[in-house]
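# show me the folded form of this:
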Amino acid sequence: DDLGVTVSFDLSELRGYHYHSGIVFAAYAQGYKGPLALGGRYDEVGQSFGRARPATGFSLDLRGIATALPPAKSAMAIFAPVSDDKTLASKIDVLRADGYIVVQELVGVESSMTELNCNKKLEHYKSGWHVVEIEKH
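Numbers count the residues shown, from 1 in each chain. Below is the predicted model:
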C-alpha cells in the first residue's frame, strides 16, 4: 500500500517444477503482465543430498518488480564544497543529523549540481556556513 502497488497471490498455481512437493504460488502486481515471484514447498529435494527436510523457496523477477513499482521520487540534496574547514564538516554533520542529504564535492572531480540532484548549496559568508538556494539559469 505504501508504494501504491496492488499485489495478489495465486495459491493454486499449477506450473510448479517437478521438485515441488506441496503448495505452489505465484505473485502478481497490477501493471505487470507476468508473475513477479514463483515459489512453493519442496520438502523432498534434500533427499538427493542425503537428507530430506522441510523447505520452501521462491524466485523473484527483479526487472518485473522495478517495472511494476511507480518511479521513485528522489529527495533533493544540499551541495557542499570540498574544504578542510572544520566548521563546514560540523555544519554537514548537523544537517545530516537533521535528516538532510548532503553531497560533498570530491577533490579534483568536476560535478554538476543538477547531476548530483542538488537544489541547495552550502556557502560561507559572514558568520559561517549557510544553506542557500541554487540559482537556476
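
# now E105: closest residue in space that isn't a chain neighbour?
Once flanking residues are discounted, E105 sits nearest to V82: 4.3 Å by C-beta to C-beta, 6 or more residues apart in numbering. C-betas here are computed from N, CA, C, even on glycine.

# could you give the number of residues near the one you found?
Using other C-beta atoms under 10 Å, V82 is surrounded by 12 other residues.

# kindly report the same for I78.
Count around I78 with other C-beta under 10 Å applied: 23.

# ditto for L122
By other C-beta under 10 Å, 20 other residues sit near L122.

# over to the one 5 residues further on?
Here the count is done by other C-beta under 10 Å, and S127 has 7 residues near it.

# sorry, back to before: which strand or helix spans the residue nearest to E105?
Using DSSP states H and E, V82 maps to neither a helix nor a strand.

# report the contact partners of it.
104-107 (C-beta atoms under 8 Å, 6 or more residues apart in numbering).

# please save the CA atoms from the longest strand along the chain in CSV.
The single longest strand within the chain, with elements called by DSSP state E, is strand 118-125. Extracted in CSV, the C-alpha atoms of strand 118-125 (Å, rounded to 0.1, in the frame of the first residue of the first chain):
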residue,chain,number,x,y,z
CYS,A,118,21.2,19.2,-5.5
ASN,A,119,18.8,22.2,-5.3
LYS,A,120,20.7,24.0,-2.5
LYS,A,121,24.3,24.5,-1.6
LEU,A,122,26.4,25.5,1.4
GLU,A,123,28.1,28.9,1.1
HIS,A,124,30.4,30.6,3.6
TYR,A,125,29.7,34.2,4.4
